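Colleague: what's the 3D shape of this:
(chains A, B and C)
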Amino acid sequence: MTRITLLTDFGTRDGYVGAMKGAIAAIFPGVILDDISHQVEPGDVHGASLALERYWHLYPQGTVHLAVVDPGVGTSRRALAVEADRRFLVLPDNGLASRVLEGASSWRAVSLDAPAYRTREVSSTFHGRDLFAPAAAYLARGIHLSRLGAPVPEPVRLSPSSVQEDEATVTGEVIALDRFGNLVTNVDGERLRRARDVRVGDRSIPLATTYGEVEPGELLALVNSDQRVEVAAREDSAARILDARVGTPVRLHLE
Amino acid sequence: MTRITLLTDFGTRDGYVGAMKGAIAAIFPGVILDDISHQVEPGDVHGASLALERYWHLYPQGTVHLAVVDPGVGTSRRALAVEADRRFLVLPDNGLASRVLEGASSWRAVSLDAPAYRTREVSSTFHGRDLFAPAAAYLARGIHLSRLGAPVPEPVRLSPSSVQEDEATVTGEVIALDRFGNLVTNVDGERLRRARDVRVGDRSIPLATTYGEVEPGELLALVNSDQRVEVAAREDSAARILDARVGTPVRLHLE
Amino acid sequence: MTRITLLTDFGTRDGYVGAMKGAIAAIFPGVILDDISHQVEPGDVHGASLALERYWHLYPQGTVHLAVVDPGVGTSRRALAVEADRRFLVLPDNGLASRVLEGASSWRAVSLDAPAYRTREVSSTFHGRDLFAPAAAYLARGIHLSRLGAPVPEPVRLSPSSVQEDEATVTGEVIALDRFGNLVTNVDGERLRRARDVRVGDRSIPLATTYGEVEPGELLALVNSDQRVEVAAREDSAARILDARVGTPVRLHLE
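Modeller: So this is what the prediction gives:
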């Protein structure tokens, strides 16, 4: 059974997601569609690339991941299909695939050029329906990647956020706040083993391995389920307590 | 493989959508359910009818579109099943089907009368679960439309928003703001070909065929993916820039 | 065809729900996933238990209901699988199952102990992906409940909200506000038959059996689709009109 997952910044209310699903079902009536989210902040390619990293590889081989966060629709940005570790991705060439390409053992990408695998008249404003949805449906039906278009050896990559390290300190930053107010950082979880202290601003945050080690409302720093250093508060919002946002520096003091 | 799509104003948090899905699955355990949206503004029949127009015909023949935006539940409003161009719709008779009936080559409608295709005791407040969901499930299983109830020759229609035209000007209005702040108008896209100018209030907005023709943050008027005149801002919200809302007049000056 | 339903407080934007779905699809590629909601208020076990009550029994036998509202993740709270009236539930042992256990003719529960039915390394912060999702997938594939772990004779129960009754009065309270601003109470609908009056604060609210009996904007008290006493306003929000919230007392004066 083939599945297609959907990630967009469209919201659902306007019916645009419905149009994408209809365009897919017209090509592959029995396909199973899994919504990931349509609540990505409009144009937030960074946030969407992080979400995508969390699920793309957990799905079985053959799954097609459709991701349309596309502020450049109607410009000259390319449209891509990617095969990475036997999963497929269909998305605009704007960096959205960065974390997948970085994490995959092997990948290849093509540009969505072939007229046979898109709607006859592609609108200039809704490639989700006219270009990406058909490509995803045909991939799910088993079309070879190479039939969709010409190879793209160097897809656009987002510039990674930086982590500075010296003998005493690792300084990274918050790359996302999740719904619970947890601060997801760009610091690899491994580094927490050598740390004695995590600081956000002036605040020193105790290390822990699980929420149960602190009282409700208290802060802790731990390795999260993505293997990243995360600052959280048990049953509370670390983002609120620390007034933190994306880009806020996070420092680890090493032993 | 038969699919049922779902559009409501229920939100998801209260479990009412879950109850509808469960009622469907009890009748047709293998059916595929596609969420369109449950975030329609409570009671916004106009907005929902526009969303419905965007996807109903893209889905393959045989698809059942369930749409429950039903401020009149518990009054004497009828409940409908419609067959339009070999797709089915199940919805309250409050105008929600207007745009489908207008766009379909052929259609017929019936009232959901037959006791065999509803729950034994229909609540007075939740027809989504007790009346509409069972009808959708039975249609998806292949029941003939005519078995659900008596013909309804004239379903309720929403009064269309007006477009005025003279030799020099076409004046329509904003009929929806989408999530990106684009202004969707009721002016047919064809008319933009003859225009030299689009105005919202005092503001003159350049014509374009794609976002790439203007700089980020700039306004443009174009034919959108529904073949309507739309006023947008590249990577920005035209609704915010123009302080526009549903009903704001939009004028095209003709050549 | 087996279905798994999903109810969480994760939101969708961060990709955590996607990770759960991927973990399920990896074990059971053809399973149909029905989203119930991911918009439960973070940590709102009470609200989620009420939502769950609305759909779990409507789904056909064999359905697996996955529900993860889990403020105690990473503490010593147990993880459960429950078989109730031939449906399955997979959820944290924090009271979320209370209303199901109360309503079921028969049930049995086990603790998710067996290492064979979870990921190899269970993170301390994301049991939804590492523990609950695999258990749900294996149950949907037909694994016997007893293989997942040891019996739990007494799962945690939420303390029920109280209803006081004397000869003249029944006093209950609002247990939920739904999206439409309806006040759902803990008073059994049967009691409304003997009432002559419902009061919220100083306001006397007329009894009705359906919205159509009052004018738009007017309040009414009726038996809702859960067989509970509900205070609503036709095409308006009773919560706003009455400034009511969860816990607001609701009194029925008996005949």
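Colleague: you'd agree A:D236 is up against A:G217?
Modeller: Yes. With contact defined as Cβ atoms under 8 Å, A:D236 counts as touching A:G217 (5.0 Å). C-beta here means a position set from N, CA and C on the backbone, and glycine is covered the same way.
Colleague: Between the two, which has more neighbouring residues?
Modeller: Using other Cβ atoms under 10 Å in any protein chain shown as the criterion, A:D236 and A:G217 rank with A:D236 on top: 18 against 10.
Colleague: right, is the one helix or strand A:G47 maps to up against chain C?
Modeller: Taking DSSP states H and E as the definition, A:G47 sits inside helix A:45-55. Yes. With Cβ under 8 Å from any Cβ of the partner chain as the criterion, chain C is reached by helix A:45-55 at A:47, A:50-55.
Colleague: Top of the residues you listed by number of neighbours, please.
Modeller: Within those, neighbour counts (other Cβ under 10 Å) peak at A:A51, which reaches 29 neighbours.
Colleague: if I read this right, A:R118 contacts A:G128, doesn't it?
Modeller: No. With contacts defined as Cβ under 8 Å, A:R118 does not count as touching A:G128, sitting 11.7 Å away.
Colleague: Tell me which other helices or strands the strand or helix carrying A:I36 touches.
Modeller: In the assignment (DSSP H and E), A:I36 maps to strand A:32-37. Judged by 3 or more Cβ pairs under 8 Å, 6 or more residues apart in numbering or on different chains; DSSP states H and E, strand A:32-37 is in contact with strand A:3-8, helix A:16-27, helix A:45-55, strand B:32-37, helix C:16-27, strand C:32-37.
Colleague: What strands flank it, and is each parallel or antiparallel?
Modeller: Strand A:32-37 has the following strand partners under DSSP bridges: strand A:3-8 (parallel).
Colleague: now the strand it pairs with, how far from the centre of its chain.
Modeller: Strand A:3-8 sits 12 Å away from the centroid of its parent chain (Cα atoms, centre = their mean, to the nearest Å).
Colleague: can you dump the C-alpha coordinates of it into CSV?
Modeller: Only the C-alpha atoms of strand A:3-8 are listed here, as CSV (Å, rounded to 0.1, in the frame of the first residue of the first chain):
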residue,chain,number,x,y,z
ARG,A,3,1.1,6.4,1.1
ILE,A,4,1.6,10.1,0.3
THR,A,5,2.2,12.5,3.2
LEU,A,6,1.3,16.2,2.9
LEU,A,7,3.0,19.1,4.5
THR,A,8,2.0,22.7,3.5
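Colleague: The closest residue to A:V198 other than its chain neighbours: neighbour count?
Modeller: Leaving aside its chain neighbours, A:V198 sits nearest to A:A221 (3.9 Å; criterion: Cβ to Cβ, 6 or more residues apart in numbering or on different chains). When neighbours are defined as other Cβ under 10 Å, A:A221 has 26 of them.
Colleague: do A:S225 as well
Modeller: Per other Cβ under 10 Å, the neighbour tally for A:S225 reads 20.
Colleague: For it, give its distance to chain C.
Modeller: A:S225 sits at a distance of 4 Å from chain C (criterion: Cβ to the nearest Cβ, to the nearest Å).
Colleague: Need phi/psi at that residue.
Modeller: Dihedral pair for A:S225: phi -70, psi -10, per degrees, to the nearest 10.
Colleague: and the residue of chain A most remote from its centre, what does it touch?
Modeller: Taking Cα atoms, centre = their mean, the residue of chain A most remote from its mean C-alpha position is A:E255, at 32.9 Å. Counting by Cβ atoms under 8 Å, 6 or more residues apart in numbering or on different chains, A:E255 makes contact with A:194-196.
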